[in-house]
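Colleague: Predicted structure and sequence below. I'll ask about it afterward.
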Amino acid sequence: MKRSKHIPTEEECSLNLHSIFKHLTEEEMDMVNFEKECNYFKRAEILYHEGRRMTGFYCVNKGVVKIYKTGIDGKEQIIAFAQRGNILGYRSILSNENACTTAKVIEDGILCYLPAHLLLELVNNNPGFSFEVMKLACQELGEANSYITDIAQKTVRERLAEVLILLKEKFGLDSNNTLQISLTREELANIVGTATESVIRLLSEFKSDGLVELNGRKIKILDIQALTKMGNI
């Protein structure tokens, strides 16, 4: 896809906000900054496709990326979101496997691309960097285990309530208690793991119960305690 000609500033491309790089030597950091490619990305742009070979990984400096798998019927199942400070695509490089997910930008942002050989070189030569990557992988595995348990044991109503609370914790609320991420009803359904119609119906019920207010894609959280209890969090 054609890239924007406008180049992000040096400050916008800084990798200092990414914790995995904090143990790098000055020489290693210089190498990383020399190799990185930093660009603006627009909503709906695909970073990489499920099943494709990974030639590098991405660091998110701004914006939001959704990570999803595609079922046999073509329906998306959203696994996670990546935002400022997150990295994505690194596990497929470490395991020497094709990408097991697709990454799509859902909020305009700035991402830095680093080649695969650089990740492998740092993992092999810097124990501190290796430990940070291992911690990150373990954290993501724990989140995946929790997600699988929720899908198996919670009702759709409970999962939707939990998803709203998790989105609040990840992206925060504005001064009006509105979620600071805009998702379509289909995207919400793809997180919960249900039909879009079910999410539309349940959100209407949540609104009637005084739990949320709806304004297009915007969702205002009115009763955090009730949603938390409903979601069995």
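Modeller: All right, it came through fine. Numbering: from 1, shown residues only.
Colleague: For the rest of this, base every contact and every neighbour count on C-alpha atoms.
Modeller: OK.
Colleague: I'd like the domain boundaries of this protein, if you could list them.
Modeller: Structural domains annotated on the chain: 19-151, 154-230, as defined by automatic domain parsing.
Colleague: Lowest average confidence across helices and strands of the protein, where is it?
Modeller: Of all regular secondary-structure elements in the chain, judged by mean pLDDT, DSSP states H and E, the least confident is helix 127-153 with a mean of 89.
Colleague: Which strands or helices does it pack on?
Modeller: The elements that helix 127-153 packs onto, with contact taken as 3 or more C-alpha pairs under 8 Å, 6 or more residues apart in numbering; DSSP states H and E, are helix 116-125.
Colleague: What are the boundaries of the helices in this protein?
Modeller: According to DSSP state H, the chain carries its helices in the segments 26-35, 90-95, 116-125, 127-153, 156-171, 185-192, 196-208, 224-230.
Colleague: Residues in contact with the second one: which ones?
Modeller: Read it as helix 90-95. Outside helix 90-95, the residues within contact range by C-alpha atoms under 8 Å, 6 or more residues apart in numbering are 54-58, 98-100, 116, 119-120, 137.
Colleague: Kindly report the same for the third one.
Modeller: Where contact means C-alpha under 8 Å, 6+ apart, the residues beyond helix 116-125 that reach it are 32, 54-57, 90, 93-94, 129-130.
Colleague: what pairs with the most centrally placed residue in the chain across the strands?
Modeller: When C-alpha atoms, centre = their mean is applied to the chain, the residue found nearest the centroid is F81 (1.7 Å). Here F81 sits in beta bridges with K66, as judged by DSSP bridges.
Colleague: for the domains of the chain, which one sits closest to E12?
Modeller: Set against E12 and scored by C-alpha to C-alpha, those come closest in domain 19-151, at 7.0 Å.
Colleague: quick one, what contacts C112?
Modeller: In this structure, C112 makes contact with 13, 36-39, 58-61, judged by C-alpha under 8 Å, 6+ apart.
Colleague: Restricted to buried residues, select those residues in ChimeraX.
Modeller: When burial is assessed using 16 or more other C-alpha atoms under 10 Å, the buried subset of the contacts of C112 is captured in ChimeraX by this command:
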select :13,36,38,39,58,59,60,61
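Colleague: ok, so of the contacts of C112, who is nearest Y68?
Modeller: Y68 has its nearest neighbour among these in Y58, at 15.6 Å by C-alpha to C-alpha.
Colleague: pretty sure that closest one is touching Q83, no?
Modeller: No. Using C-alpha atoms under 8 Å, Y58 is not in contact with Q83; the gap is 11.0 Å.
Colleague: how near is I165 to S175?
Modeller: Remark: distance between I165 and S175 (C-alpha to C-alpha, to the nearest Å) = 16 Å.
Colleague: one step back: turn the helices of the chain into a markdown table, columns for distance to L179.
Modeller: Shown next, in a markdown table, are the helices of the chain (distance: least, C-alpha to C-alpha, whole Å):
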| stretch | distance to L179 |
| --- | --- |
| helix 26-35 | 34 |
| helix 90-95 | 29 |
| helix 116-125 | 34 |
| helix 127-153 | 21 |
| helix 156-171 | 6 |
| helix 185-192 | 13 |
| helix 196-208 | 14 |
| helix 224-230 | 12 |
